[in-house]
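Trainee: predicted model and sequence follow; I will ask about them next.
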Amino acid sequence: MTLKTFPRGPLSSNMYLLSTASGIFIIDPSVYPDKLSSEDMPDRVDYILITHGHFDHINAIDRWVSLFPDAEVYMASEDIPALTDPYKNGSDIFVESCSYDTSVRDINELSLDNLTVIKTPGHSKGSICFLMEEDGEKIMFTGDTLFAGSCGRTDLYGGSPEKMAESLKLLKEMDPDIEIYPGHGPSSTIKDERRFNPFFNL
């Protein structure tokens, strides 16, 4: 696997470009394609995966789909309505109201040998994490559920402190060697989050 991180989205959100044996993925399409250098721009995109429906993680989705119309786009069905609802995607709070025209499929329709989808509601109703495994390497894209040293807020539409606590407990029990790549901030590991993240010990 090869991974590139682009921390240039709205609210400094991370977009990830991942190449695996199953194809080329964009995780959380928040950065416009024209902001990438020619060296970083992929020749194709097979899948666009969305961890949750907040605007700062889907900001550039229409641009990417326009550029790569064959890319399959997936997110949890619970958050699909956020694409066209500025209140649900949070854009009406932080910037001018935004909605998106892209047709998105339910993540339950996607089946790949090296991908595990983990439901982690709490930040939003449809928050999910993506665990990718290849050649013994395990990396997980945690969206705004789990950050290095912290976790996502629960006071936006669809948020739930109780669900967040359950989701963090689930992640805490996973393989400690998994590298995590959150929606904001630096990467970490489950092992380090067990040691240093206070939200893992509530």
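Mentor: Thanks, I have the structure now.

Trainee: going forward, measure contacts and count neighbours with C-alpha atoms only.
Mentor: Noted.

Trainee: now the helix or strand of the chain with the lowest mean pLDDT: buried residues?
Mentor: Counting by mean pLDDT, DSSP states H and E, the chain has its least confident helix or strand at helix 91-94, which shows a mean of 89. Neighbour-count burial for helix 91-94, counted by 16 or more other Cα atoms under 10 Å, picks out S91.

Trainee: now the strands for the chain?
Mentor: Using DSSP state E, the strands of the chain run over residues 2-6, 15-20, 23-27, 47-49, 72-75, 105-106, 115-119, 128-134, 137-143, 146-147, 150-151, 179-182, 188-189.

Trainee: minimum distance to L170: which of those has it?
Mentor: Closest approach to L170 among those is made by strand 115-119 (9.2 Å; Cα to Cα).

Trainee: how big is the angle separating the closest one from strand 137-143?
Mentor: 40 degrees (axes from the mean of the first three to the mean of the last three Cα atoms, to 10 degrees).

Trainee: centroid residue for the chain?
Mentor: Closest to where the C-alpha atoms of the chain average out (Cα atoms, centre = their mean) is T51, at 3.1 Å.

Trainee: show me what contacts that residue?
Mentor: 27-28, 57, 75-76, 126-130, 141-144 (Cα atoms under 8 Å, 6 or more residues apart in numbering).

Trainee: what's the closest non-adjacent residue to L18?
Mentor: Once flanking residues are discounted, L18 sits nearest to L3: 4.6 Å by Cα to Cα, 6 or more residues apart in numbering.

Trainee: count the residues that sit near the one you found.
Mentor: Counted by other Cα atoms under 10 Å, the residues lying close to L3 total 13.

Trainee: what's near enough to touch it?
Mentor: Y16, L17, L18, S19.

Trainee: pLDDT and neighbour count added to those, as a markdown table?
Mentor: A markdown table is the format used below for the contacts of L3 (pLDDT from 0 to 100; neighbours: other Cα atoms under 10 Å):
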| residue | pLDDT | neighbour count |
| --- | --- | --- |
| Y16 | 98 | 23 |
| L17 | 98 | 20 |
| L18 | 98 | 19 |
| S19 | 97 | 17 |
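
Trainee: the longest helix in the chain is where?
Mentor: Longest helix of the chain, by residue count under DSSP state H: helix 161-172.

Trainee: how about residues contacting that helix?
Mentor: For helix 161-172, using Cα under 8 Å, 6+ apart, the contacting residues are 119-123, 145-146, 154, 190, 193-194, 199-200, 202.

Trainee: and the pLDDT at the residue nearest to the centre of the chain?
Mentor: pLDDT recorded at T51 is 98.
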